[in-house]
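J.: Below: sequence and its predicted model.
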Number of protein chains: 2
Amino acid sequence: MRDEIEFLAGYDPGSYPAVAVTVDVVALTVRDGQLCVLLVERGEQPFAGRRALPGGFVRDESLDAAALRELAEETGLRPGEGPLARVHLEQLQTYGDPGRDPRMRVFSVAYLAFAPSLPDPRAGSDAANAYWTPIERATGLAFDHDAIVADGLDRARAKLEYTPLATAFVGGEFTISELRAVYAAVWGEDLHAGNFHRKVLSVPGFVESTGETAARGGERGGPKAKLYRAGDAQLLHPALLRPTREDGVR
Amino acid sequence: MRDEIEFLAGYDPGSYPAVAVTVDVVALTVRDGQLCVLLVERGEQPFAGRRALPGGFVRDESLDAAALRELAEETGLRPGEGPLARVHLEQLQTYGDPGRDPRMRVFSVAYLAFAPSLPDPRAGSDAANAYWTPIERATGLAFDHDAIVADGLDRARAKLEYTPLATAFVGGEFTISELRAVYAAVWGEDLHAGNFHRKVLSVPGFVESTGETAARGGERGGPKAKLYRAGDAQLLHPALLRPTREDGVR
DNA sequence: TAAATAGTGTCTATGAGACACTATACA
DNA sequence: TGTATAGTGTCTCATAGACACTATTTA
């Protein structure tokens, strides 16, 4: 902050170019085996009619609080309650290139959210123009939001490897198969059922048994699966590494 | 950006509380086997006389460019040339809690830099109040900079595991021992020389041989080591995992 | 000559992944 | 009754780490 001298001496609210700070949220969920992202339709210029990430200006609140507030507004749910109580929110990155917003200098602090399958926001009134979109169809977004979604997807894929955050995509109780479906949806590739099962149970603190069993078996047959809930691990050790990433990534 | 309607309708430069965006850089280097961070001494209130991270207001430039500019100014070096040509810069996180700066709302985009051992900035004129400090003595900093340094250290430690960025701390040509010294300094623990040696050479693209041999052996004896330069890998596979982290980190 | 270091050899324990197999439940 | 799934057993290969050892260089 070595520019403070000049800053304090010459400060005048009108003399500096106005800057704004927003949060934009890359909210991910898995619906019907597909990884989906929450998008809103823009009504105003610029980019009117285009889809964009939900977001808005930061008020007198922390950045984390602003992200949670925006997510709650766009899903029509109440922060900290019900489905949103299990949401994982983390800061992704800040985007601030000059010209990324044609009106003025806007810095956007992007957040990444992992949510269990939420009710469709169309049902709500305030969030009527928000909806879940399969991530591969989330292209052509307003501003630089295509790049933000891509960065969020990269982060999400990596985080599933070494953290237990896949459990944030499922309900409070889940089967190993449901957890495997999350990995398959986020990574975009199937995993070997038997090896995945053994692996998940072998990682200390990843999941813990509830002692219960699912009420029904699989939709097309198969035994009733045991139920688990998230364990107390913050990191997976050893990690679940993605199978088909190119070695070395040159 | 759903608040744009109200934003555009009611916008008046003076009517909104002023916000500012700065970059602060956690610049790390290894000097004499110690991990050091670049700090500056503040001359102005608030926190006058306290140490802080180098940083300043973002101008009409990208965030990355602002971080590189600040780093160049505080080290007295020219961006993109000489020692700074090998610096690795990446965005760390953005800090924006209300009240983190007592004067106004300031959002700070923190950056993390890995630099080879640089000349002491005291020598320069413009950067006379900047100096490298062993990271364990970098406490009691201004603002929330203690927390930023801690977050940067966590990130740096993790990045050495799965990226070849340790090579950003050494010169263009280096021995395996020098690379091991970087790991030891950043992780704060010694590594087994023989196993480290074999491991580094076994990871595809981590380092490549120059064919040359160091001019001298070790300071206290030992054969002349072969020289290597950074390879073309972007990720280490398999990764070099830290030995003594607690399993699971509950 | 003593001590420290570069680099290699070898052994063991662990984990990833392939494959096979059973038991169970749904249509 | 056929088929899909839950969960387990087993084998192989790659890797981490412990330990030992030789060769080389400096003080």
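T.: Cool, the structure landed.
J.: So what pairs up with A:H88 in the strands?
T.: Applying DSSP bridges to A:H88 yields these beta-bridge partners: A:F114.
J.: OK, contacts around it?
T.: A:113-115, A:165, A:168 (Cβ atoms under 8 Å, 6 or more residues apart in numbering or on different chains). No exception for glycine: its C-beta is placed from N, CA and C like everyone else's.
J.: How about A:V87?
T.: With contact set as Cβ under 8 Å, 6+ apart, A:V87 has these partners: A:68, A:71, A:113-116, A:168.
J.: The one helix or strand A:A20 maps to pairs with which strands, parallel or anti?
T.: Using DSSP states H and E, A:A20 falls within strand A:19-31. Strand pairing for strand A:19-31, using DSSP bridges, gives strand A:34-41 (antiparallel), strand A:55-57 (antiparallel), strand A:105-114 (parallel).
J.: Which secondary structure elements does the lengthiest helix in chain A sit against?
T.: For chain A, the longest helix by residue count, based on DSSP state H, is helix A:145-162. On a contact count with 3 or more Cβ pairs under 8 Å, 6 or more residues apart in numbering or on different chains; DSSP states H and E, helix A:145-162 meets strand A:19-31, strand A:88-95, strand A:105-114, helix A:176-187.
J.: how near is A:F47 to DNA strand C?
T.: 42 Å (Cβ to the nearest atom of the strand, to the nearest Å).
J.: Contacts only, for that residue.
T.: Per Cβ under 8 Å, 6+ apart, neighbours of A:F47: A:142-143.
J.: now swap in A:H145 and tell me
T.: A:H145 makes contact with A:24, A:52-53 under the criterion Cβ under 8 Å, 6+ apart.
J.: mind checking how far A:T175 is from DNA strand D?
T.: Distance, A:T175 to DNA strand D, by Cβ to the nearest atom of the strand: 6 Å.
J.: per-residue confidence averaged over the longest helix of chain A?
T.: For helix A:145-162, the per-residue pLDDT values average out at 98.
J.: close to DNA strand C, is it?
T.: No. Using Cβ under 7 Å from any atom of the strand, helix A:145-162 stays clear of DNA strand C, with a minimum separation of 10.1 Å.
J.: how far off strand A:88-95 does that helix point, in degrees?
T.: Helix A:145-162 runs at 140 degrees relative to strand A:88-95, counting by axes from the mean of the first three to the mean of the last three Cα atoms, to 10 degrees.
J.: CA atoms only for helix A:145-162, dumped as PDB, please.
T.: Coordinates of each C-alpha in helix A:145-162 appear next as PDB, following Å, rounded to 0.1, in the frame of the first residue of the first chain:
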ATOM      1  CA  HIS A 145     -18.500 -15.900 -17.500                       C
ATOM      2  CA  ASP A 146     -17.500 -18.700 -19.900                       C
ATOM      3  CA  ALA A 147     -14.000 -18.500 -18.500                       C
ATOM      4  CA  ILE A 148     -15.200 -18.300 -14.900                       C
ATOM      5  CA  VAL A 149     -17.400 -21.500 -15.400                       C
ATOM      6  CA  ALA A 150     -14.400 -23.300 -16.900                       C
ATOM      7  CA  ASP A 151     -12.200 -22.300 -14.000                       C
ATOM      8  CA  GLY A 152     -14.900 -23.400 -11.500                       C
ATOM      9  CA  LEU A 153     -15.200 -26.700 -13.300                       C
ATOM     10  CA  ASP A 154     -11.400 -27.300 -13.100                       C
ATOM     11  CA  ARG A 155     -11.400 -26.500  -9.400                       C
ATOM     12  CA  ALA A 156     -14.400 -28.700  -8.700                       C
ATOM     13  CA  ARG A 157     -12.800 -31.600 -10.500                       C
ATOM     14  CA  ALA A 158      -9.500 -31.200  -8.600                       C
ATOM     15  CA  LYS A 159     -11.200 -30.800  -5.300                       C
ATOM     16  CA  LEU A 160     -13.100 -34.100  -5.600                       C
ATOM     17  CA  GLU A 161      -9.700 -35.800  -5.700                       C
ATOM     18  CA  TYR A 162      -8.300 -34.700  -2.400                       C
END
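J.: ok and that helix relative to helix A:176-187, angle-wise?
T.: Going by the same axes, to 10 degrees, helix A:145-162 makes 140 degrees with helix A:176-187.
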